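# Structure for this input, please:
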Amino acid sequence: MHKELKKAIISWLLDNENEWQRTNTCHKEFRQYIYNSEGNYLIGGQEVSEFIHAADKLLYGGNLIHVL
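Next comes the predicted model:
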């Protein structure tokens, strides 16, 4: 995964700290990097998805519930 994409995800998470269901909304924002038009993972898409959850947990701690 490119460093620019990681920076964009982290920036989005920081800018949307109070967003309800932050990780789900972040997935929607970066959907084009995760899923194809049929809803299947793109090559590397699962890595992007896992990065969103890991970055959110690192920034905000707490328990994460994977609801997609």
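
# low pLDDT regions in this structure?
Along the chain, the parts satisfying pLDDT under 70 run over 62-68.

# the residue most distant from the middle of the protein, which is it?
Ranking residues of the chain by C-alpha distance from their mean position (Cα atoms, centre = their mean) puts residue 38 at the top, at 18.8 Å.

# Pretty sure that one sits in a helix.
No. Counting by DSSP: H, G, I helix; E, B strand; the rest coil, residue 38 is not part of a helix but coil.

# Can you name the residues that contact it?
Shown in contact with residue 38 (Cβ atoms under 8 Å, 6 or more residues apart in numbering): no residues. All C-beta atoms are positioned from the backbone trio N, CA, C, and that covers glycine.

# Against residue 44, how distant is it?
The gap separating residue 38 from residue 44 is 17 Å, by Cβ to Cβ, to the nearest Å.

# what does residue 28 give?
In this view, residue 28 and residue 44 are 18 Å apart by Cβ to Cβ.

# now residue 29
17 Å.

# Looking only at neighbour counts, state which of these two leads.
When neighbours are counted by other Cβ atoms under 10 Å, residue 29 and residue 44 differ, and residue 29 comes out ahead with 16 against 13.

# For the more buried one, which non-adjacent residue is spatially closest?
Nearest non-adjacent residue to residue 29, counting by Cβ to Cβ, 6 or more residues apart in numbering: residue 12, 6.0 Å away.

# quick one: contacts for the residue positioned nearest the centre of the chain?
What sits nearest the mean C-alpha location of the chain, by Cα atoms, centre = their mean, is residue 52, with 3.0 Å. Contacts here follow Cβ under 8 Å, 6+ apart; on that basis residue 52 touches 9, 13, 23, 26, 27, 30.
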